[in-house]
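Enquirer: The following comprises the amino acid sequence and a computationally predicted model.
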Amino acid sequence: MLAVEGRSGSGKSSLAAAVAGRLAAPLIRMDDLYAGWDGLERGVEALRDWVLAPLAAGRPAIWRRWDWAAGEYAEEHRVPDAEWLVVEGVGAGALPAYLSGVVWLTSPAAVRKRRALARDGETYAPHWDSWARHEDAFYAAEPIRERAGLIIEN
């Protein structure tokens, strides 16, 4: 599993999509696993319990997508069999026992905010500061950047 990590707006989604395409690998986005704006840790647990632990045990991995409008987990998705799995998002690199590598993307805060708000507009704007605090707390407890085999200034 390759984790593409970094703070919101750093360019993870674009890079992960390109890498997954190149590797012909399934791509899981942490945005689909977070349990809402306060669900970063729960999303990491979902990644472990629904995807990584089953795959490591040789079992099928089936995850559920968070429905942001309904505020609950929705339909199930099966992870296709493949040599590689790419997971992108904050928390993707938090489970080192399951990782083959971590790529960390970094960008200045003003650039990240501009990109994120251009991408998600008014949906994200009221949550930017709160999500940034979640990222701060999460990365203070999880030294993911230090685990990265590749750091990209984007």
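Expert: Now that the structure is in, tell me what you want to look at.

Enquirer: Need the residue closest to the centroid of the chain.
Expert: G89 (2.0 Å; C-alpha atoms, centre = their mean).

Enquirer: how much space between the closest residue to it other than its chain neighbours and G11?
Expert: Nearest non-adjacent residue to G89, counting by C-beta to C-beta, 6 or more residues apart in numbering: M30, 2.5 Å away. Heads up, the C-betas are built off the backbone N, CA and C, glycines and all. Remark: distance between M30 and G11 (C-beta to C-beta, to the nearest Å) = 14 Å.

Enquirer: Would you mark the buried spots in the lowest-mean-pLDDT helix or strand in the chain?
Expert: Sorting the helices and strands of the chain by mean pLDDT, DSSP states H and E puts helix 109-124 at the bottom, at a mean of 85. The neighbour-count check on helix 109-124 (16 or more other C-beta atoms under 10 Å) flags R112, K113, R115, A116, L117, Y124 as buried.

Enquirer: tell me the SS of the residue of the chain most remote from its centre?
Expert: Relative to the centre of the chain, the most outlying C-alpha is that of G58, 22.4 Å out, by C-alpha atoms, centre = their mean. Following DSSP: H, G, I helix; E, B strand; the rest coil, we place G58 in the coil state.

Enquirer: Thought Y34 was touching L47, still the case?
Expert: No: look at L47 against Y34 with C-beta atoms under 8 Å: they stay out of range, at 9.9 Å.

Enquirer: Give me the more crowded residue out of those two.
Expert: L47 (27 against 24; other C-beta atoms under 10 Å).

Enquirer: who's in contact with the more buried one?
Expert: By C-beta atoms under 8 Å, 6 or more residues apart in numbering, the contact set of L47 is I28, M30, L33, W63, V87, G91, A92, L95.

Enquirer: 10 Å instead, please
Expert: L47 makes contact with 1, 3, 28, 30, 32-34, 53, 61, 63, 87, 89, 91-92, 94-95, 98, according to C-beta atoms under 10 Å, 6 or more residues apart in numbering.

Enquirer: just to revisit the earlier point, neighbour count winner among M30 and G11?
Expert: Taking neighbours as other C-beta under 10 Å, M30 and G11 compare with M30 leading, 24 against 18.

Enquirer: ok so, going back, dump the residue contacts of the residue nearest to the centre of the chain.
Expert: G89 sits in contact with 3-6, 8, 12-13, 16, 28-34, 40, 43-44, 47, where contact means C-beta under 10 Å, 6+ apart.

Enquirer: No further questions, thank you.
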